[in-house]
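**Q** sequence and predicted structure, then a few things I'm wondering about:
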Amino acid sequence: MEGMESEAEENQMHPCKTPKITPLEELFADEDAQKVTPQQNSMSIQDQVEKELHMYKAMPRIVTPDDAAAWWWNMRTTYPCLSDMAFSYVCVQASSTPSERVFSTAGDTICAERSRILPEKADMLVFLNKNCF
């Protein structure tokens, strides 16, 4: 028992001694103190998303001419999880490369060997090729 007590005493810091901090920790101490505020971290991601979804459904709808991307940008602090997901759907693609890749995949899928393939089957093959690999 005495060995365990002395080991526990060694692991505890003396109340008068302050732990040494590195220069990097000292440099970013103010920013770290701001980040260590007790936020919604106690909530699981699923609970957070469900809470945001419930709040979003309770809000009044925006009118059609309003910019949806701008609205989500303004609401990113209120709905952090939903806004991340919304940006992947409401933002305009900056280039035509993805659509060109789909056409290229369609050209590879519908070739001379598959000249009698039905359009529905071709659509399904292109979809699976772009989404499952």
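**A** Sure thing, it's come through.
**Q** the strands in this protein, which residues?
**A** Under the criterion DSSP state E, the chain carries no strands.
**Q** count of residues packed around Ala94?
**A** 7 (other Cβ atoms under 10 Å). Every residue, glycine included, has its C-beta placed from N, CA and C.
**Q** residues touching it, list them.
**A** Residues counted as contacts of Ala94 (Cβ atoms under 8 Å, 6 or more residues apart in numbering): none.
**Q** got the confidence number for it?
**A** For Ala94, the pLDDT comes out at 72.
**Q** that one and Arg76, how far apart?
**A** 20 Å (Cβ to Cβ, to the nearest Å).
**Q** same question for Thr97.
**A** 27 Å.
**Q** higher neighbour count, those two?
**A** Arg76 (14 against 9).
**Q** can you tell me the closest non-neighbouring residue to the more buried one?
**A** Ser83 (4.2 Å; Cβ to Cβ, 6 or more residues apart in numbering).
**Q** give me the number of residues near that neighbour?
**A** Neighbour number of Ser83 under other Cβ under 10 Å is 19.
**Q** need the contact list for it.
**A** Contacts of Ser83 (Cβ under 8 Å, 6+ apart): Trp72, Trp73, Met75, Arg76.
**Q** out of the residues you listed, which is nearest to Thr109?
**A** Nearest to Thr109 out of those is Trp72 (Cβ to Cβ; 34.9 Å).
**Q** can you check the pLDDT for the closest one?
**A** 86.
**Q** pretty sure it contacts Asp84?
**A** No - in this structure Trp72 lies outside contact range of Asp84 using Cβ atoms under 8 Å: 9.3 Å.
**Q** more neighbours: which of these two?
**A** Trp72 (19 against 11).
**Q** what about the most centrally placed residue in the chain, distance to Ser44?
**A** Taking Cα atoms, centre = their mean as the criterion, Asp84 is the residue nearest the geometric centre of the chain, at 5.7 Å. Per Cβ to Cβ, Asp84 is found 16 Å from Ser44.
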